[in-house]
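A.B. asks: With the input below, show me the fold.
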Amino acid sequence: MINVLIVDDSLTTREYLKQIINSDPVLRIAGEAKNGEEAVVLTENKKPDVVIMDIQMPGINGYEATRSIMEKCPVPIIVHSTLFAPEQTENIFKAMKAGAVAVSQKPPGIGHPDSKHLVEKLLKTIKLMSEVKVIRLLKQKTKRHGHVKEHLHQKVSAKAGSQVEIIAIGASTGGPPVLQSILSNLKTDFTIPIMIVQHIANGFLEGMVEWLSKTTPIPLKIPKAGERVKSGHIYFAPEDHQVGITASHNFHIHKTFNDNNLKRPINYLFSSVAQTYKKKSIGILLTGMGSDGAVGLKEMKTKKAITIAQDSESCVVFGMPKEAIKLDAATYILSPPDITAFLNKISRNLRK
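C.D. replies: Okay, here's the model as predicted:
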């Protein structure tokens, strides 16, 4: 059984969530809290397998409760929100930075055309996130960025970065905080365009991009079909779309569908970059559940691109990077600070 703690200040929402959870024989209600204070106490006392956390609550909000729980008694936390107003954006992604493992859209009531799909998605998310091994959030000094590990220093030669024209990044579970760590520490004169696919619940991409833009020194945007790739920009794949790049360096974007079991947007991006840019590219696969991106990263490496997988110690879920490493798809296995330092050094090499 998977024991679930529900945290929401709305009685109606708590009752609906209980109904949803009780509909699945694998799930069980561990308790319910109407505010952040109760959430912290119940998590310590009940030891649930998963917490569903509302973000907007009186008193201690969802972000503050998440941070407290991750410091005292870490447990997988799913941030649960409606399609949020701009003022909610920061707290949602701050909660993810504090240790929440996923963000989920609150299912609308019975009778809504999206209700069944979103209920099924929530149940699946609860089950998957219950398997995530979280760690205690420790108050510590931020690791310094800016120096590539000594064993990489000689490898990142001027030649290695002299032809890089694009960087492709894929991320899933735990990705937003890692992306913030990497992007916020890029140098202001970083010019290599970056294309990112982040698996995230529908409705939350624009909020994530807005949150990241507050700490990233380079312009962020969601591209449109046919738009040309520009230097000094960071792009994010639109929700429910696959993004490739044509030989003329324009974005090729097309919609995917929920019933498409073969949907692998990171693989699609990496494969496209491998075909278009070959050795003039860098592929990076970050934390995430599943295997999306592993095959595509291998294809990039076969085309002589530089390929990087995030290391196990820094991953929320060492799923996608692990699959890539199994395929011998990663040239380097690095932590987020070392990935940033690596990219900054490549960018400096291009300007020499």
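
A.B. asks: looking at it, A237 is touching L269, isn't it?
C.D. replies: Yes - using CB atoms under 8 Å, A237 is in contact with L269, at 6.9 Å. Where C-beta positions appear, they are placed from N, C-alpha and C, glycine not excepted.

A.B. asks: shared neighbours, those two?
C.D. replies: 195, 197, 243 (CB atoms under 8 Å, 6 or more residues apart in numbering).

A.B. asks: So the first one: helix, strand or coil?
C.D. replies: Translated: M195. Using DSSP: H, G, I helix; E, B strand; the rest coil, the secondary structure recorded for M195 is strand.

A.B. asks: hang on, isn't it packed against L220?
C.D. replies: No - distance between M195 and L220: 11.5 Å, which falls outside the contact criterion (CB under 8 Å).

A.B. asks: how is the chain carved up into domains?
C.D. replies: Using automatic domain parsing, the domain parsing of the chain gives 2-129, 150-350.

A.B. asks: In JSON lines, list those along with mean pLDDT.
C.D. replies: Formatted as JSON lines, the domains of the chain follow (pLDDT from 0 to 100):
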{"stretch": "domain 2-129", "mean pLDDT": "92"}
{"stretch": "domain 150-350", "mean pLDDT": "91"}
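
A.B. asks: Dump these to a markdown table, plus mean neighbour count.
C.D. replies: Shown next, in a markdown table, are the domains of the chain (neighbours: other CB atoms under 10 Å):
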| stretch | mean neighbour count |
| --- | --- |
| domain 2-129 | 19 |
| domain 150-350 | 19 |
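
A.B. asks: show me where this structure has helices.
C.D. replies: In the chain, the helices defined using DSSP state H lie at 11-22, 36-46, 62-72, 86-98, 115-129, 150-153, 158-161, 175-183, 205-213, 265-277, 294-302, 320-326, 336-350.

A.B. asks: Export the fifth one to PDB, keeping only CA atoms.
C.D. replies: Taking only C-alpha atoms (Å, rounded to 0.1, in the frame of the first residue of the first chain), the coordinates of helix 115-129 have been written out as PDB:
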ATOM      1  CA  SER A 115     -11.400  15.100 -15.600                       C
ATOM      2  CA  LYS A 116     -10.800  11.500 -16.400                       C
ATOM      3  CA  HIS A 117      -7.500  12.100 -18.000                       C
ATOM      4  CA  LEU A 118      -6.200  14.300 -15.200                       C
ATOM      5  CA  VAL A 119      -7.400  11.900 -12.500                       C
ATOM      6  CA  GLU A 120      -5.600   9.000 -14.200                       C
ATOM      7  CA  LYS A 121      -2.500  11.200 -14.500                       C
ATOM      8  CA  LEU A 122      -2.600  12.100 -10.800                       C
ATOM      9  CA  LEU A 123      -2.900   8.500  -9.700                       C
ATOM     10  CA  LYS A 124       0.000   7.500 -12.000                       C
ATOM     11  CA  THR A 125       2.100  10.400 -10.600                       C
ATOM     12  CA  ILE A 126       1.400   9.400  -7.000                       C
ATOM     13  CA  LYS A 127       2.500   5.800  -7.700                       C
ATOM     14  CA  LEU A 128       5.700   6.800  -9.600                       C
ATOM     15  CA  MET A 129       6.700   9.500  -7.100                       C
END
